[in-house]
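S.K.: test case, fold it:
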Amino acid sequence: MNSRLTIDKAGRVVIPKPLRDELHLEAGDALEMESTGEHITLRPVRGTGPLAKENGVWVFRARTPLPASATDELLRRIREERDLANLGEGAGDSASKGE
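M.R.: As a prediction, this is how the structure comes out:
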């Protein structure tokens, strides 16, 4: 995408919305700037960690795909622990029996 941008009095430029959308850029995202002669290059700074923001939602990326059974089991355990903490120890027994 090529476009002409104008620098305002404060030295700012606006990245066109279609390009921001395409690159999933949002207010507050960091950009790396490189200048060589008459050329300026901006690149989004992307984290190398397992969490990435995609369309405004944080997504966990594992090195290898996780089977649905692993996430289902983890959610079951988290919910059971939450129920035990909120309702007392008897809540986990009835929740696991489907009552």
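S.K.: only C-alpha atoms from now on, for both contacts and neighbour counts.
M.R.: Noted.
S.K.: what's the burial count for residue 31?
M.R.: Residue 31 has 13 neighbouring residues, counting by other Cα atoms under 10 Å.
S.K.: tell me how far it lies from residue 53.
M.R.: Residue 31 sits 15 Å away from residue 53, going by Cα to Cα, to the nearest Å.
S.K.: what packs against whatever helix or strand residue 53 lives in?
M.R.: Residue 53 is located in strand 51-54, with elements delineated by DSSP states H and E. Under the contact criterion of 3 or more Cα pairs under 8 Å, 6 or more residues apart in numbering; DSSP states H and E, strand 51-54 touches strand 57-60.
S.K.: within its sheet, name the partner strands of the strand it packs on and how each one runs.
M.R.: strand 51-54 (antiparallel) (DSSP bridges).
S.K.: what does the partner strand contact?
M.R.: Contacts with strand 51-54, where a contact means Cα atoms under 8 Å, 6 or more residues apart in numbering, come from 24, 58-61.
S.K.: who wins for most neighbours among the residues you listed?
M.R.: residue 24 (15 neighbours).
S.K.: find the centremost residue of this structure, please.
M.R.: residue 53 (1.7 Å; Cα atoms, centre = their mean).
S.K.: quick one, domains of the protein?
M.R.: Using automatic domain parsing, the domain parsing of the chain gives 1-48, 62-99.
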